[in-house]
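Visitor: this is the structure alone, sequence omitted:
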Ligand SMILES: NC(=O)c1ccc[n+]([C@@H]2O[C@H](COP(=O)([O-])OP(=O)(O)OC[C@H]3O[C@@H](n4cnc5c(N)ncnc54)[C@H](O)[C@@H]3O)[C@@H](O)[C@H]2O)c1
Ligand SMILES: [Mg+2]
């Protein structure tokens, strides 16, 4: 229930956090930190930092799970000091969220070349030893993290990568400067403002009523099949992109599009995955694979998909040198789409 009653406080910020629901207060607090550099600097004093090296997050193994440790500002300053680095490097950190109690969370990459400090990147093994953890490639880490940490670290990696790649103004070539939160970069020379971007991608699970269509690119791990995905062209609607991508990749026309869900996907650059179900016209099921885009595509039955969904670790399942058919991991939206199709077809209400 929202406690916000429309009362406007005279204190800065112009709303009173105490009158807002926890969620609204949190979003307003994060909004303030993005807009106000002084407030964000102050938040760093009481906030915590997630560390990365070359875009790989620091993880610590605890019992049966991997967790990303959080470090306070003073711990981070001590670490930098220990390795002979100036604390200006902390200016490269980006805001990635906050707790319900308004403890701000930041991410900092110690391996990328710093735009704030003249010191060279820190050496990975030494920091791993000092912090008793390992920097693990995010694609691998996603298999071991819980949903909340996976989402937070994906956001952090996407934002750190975007800042690393946008250090110069594309209009005049001069260096750009990030605001404290990292929600934008500004070119002092041309006055251009740059905001972190995501590319919209449609991902579609096509059904013929009893089977679903899955495909693989040669770059996928062996045996893995997924739903059809493709970047939206400029000027296209989501619906147009779904029709075009399915036609382009497998030579089929689809109808009865149903939006399912969306997801931020950090690889290889930030994408906004928009997931849909679609159906082919009855009898129009002949696949014509575009070999410039895909290695293979095929129709899979309900039973084949159910069996594949149960294969959590496909690499241990190899028999006689063959790799079994398997599906993207739980955290990928493709997994969600496929699971949804299985559940719907079990109830006999799958899009025909
Ligand atoms: N989260 C998931 O479940 C999931 C599943 C499948 C694919 N994906 C992601 O979807 C994305 C798109 O899938 P795809 O590779 O089949 O796309 P695609 O079919 O559009 O083919 C990729 C090609 O599109 C072109 N392209 C056009 N706009 C681009 C842009 N903004 N960035 C990069 N390339 C662009 C390039 O030539 C590129 O080689 C991939 O990055 C992949 O990681 C995510
Ligand atoms: Mg594709």
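Guide: Noted; the coordinates are in hand. The structure displayed is predicted, hence computed values, not measured ones. Ligands and ions are numbered 1, 2, ... in the order given.
Visitor: flag every residue of this structure that's near ligand 1.
Guide: 199, 201, 203, 226, 229-231, 263, 265, 267-268, 271, 273, 293, 328, 332-334 (CB under 6 Å from any ligand atom). Every C-beta, even on glycine, is put in place using the N, C-alpha and C of the backbone.
Visitor: now a ChimeraX select for only the buried ones of those.
Guide: Of those, the buried ones can be selected in ChimeraX as follows, counting by 16 or more other CB atoms under 10 Å:
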select :201,203,226,229,230,263,265,271,273,328,332,333,334
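Visitor: from the residues of the chain next to ligand 1, which land in helices?
Guide: 333, 334 (DSSP state H).
Visitor: just the residues of the chain next to ligand 1: which are in strands?
Guide: If you go by DSSP state E, the residues of the chain next to ligand 1 have 199, 201, 203, 229, 230, 231, 263, 265, 271, 273 in strands.
Visitor: so the first one bridges to which residues?
Guide: Going by DSSP bridges, residue 199 is paired in beta bridges with residue 271.
Visitor: quick check: residue 68 touching residue 154?
Guide: No. Counting by CB atoms under 8 Å, residue 68 does not reach residue 154; the two are 11.6 Å apart.
Visitor: dump the ones in strands among the residues of the chain next to ligand 1 into CSV; add pLDDT as well.
Guide: Converted to CSV, those look like this (pLDDT from 0 to 100):
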residue, pLDDT
199, 97
201, 98
203, 98
229, 98
230, 98
231, 98
263, 96
265, 96
271, 97
273, 98
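Visitor: now whichever residue of the stretch 151-300 of the chain sits closest to ligand 2, nearest residue through space, not along the chain?
Guide: At 4.2 Å from ligand 2, residue 230 is the closest residue in the stretch 151-300 of the chain, using CB to the ion. Among residues not flanking residue 230 along the chain, residue 245 sits closest, at 3.5 Å (CB to CB, 6 or more residues apart in numbering).
Visitor: for stretch 103-110, list every residue counted as buried.
Guide: For stretch 103-110, using 16+ other CB under 10 Å, the buried residues are 104, 105, 106, 107, 108, 109, 110.
Visitor: what does the stretch 201-350 of the chain put close to ligand 2?
Guide: 229, 230 (CB under 5 Å from the ion).
Visitor: so where do the strands sit in the stretch 201-350 of the chain?
Guide: In the stretch 201-350 of the chain, the segments counted as strands under DSSP state E, counting those that start in this stretch are 211-216, 228-231, 254-265, 271-280, 296-301.
Visitor: of all those strands, which one is nearest residue 54?
Guide: Across the strands of the stretch 201-350 of the chain, residue 54 has its closest neighbour in strand 254-265 (19.6 Å, CB to CB).
Visitor: what is that closest one packed up against?
Guide: For strand 254-265, the elements it packs on are helix 147-165, strand 199-207, helix 238-250, strand 271-280, helix 333-346, judged by 3 or more CB pairs under 8 Å, 6 or more residues apart in numbering; DSSP states H and E.
Visitor: for residue 187, find the nearest of these.
Guide: Of the helices and strands packed on strand 254-265, nearest to residue 187 by CB to CB is helix 147-165, at 13.8 Å.
Visitor: by contact count, what packs against the following helix or strand past that closest one?
Guide: Remark: after helix 147-165, the chain's next helix or strand is strand 177-178, criterion DSSP states H and E. For strand 177-178, the packing partners by 3+ CB pairs under 8 Å, 6+ apart come out as strand 185-186.
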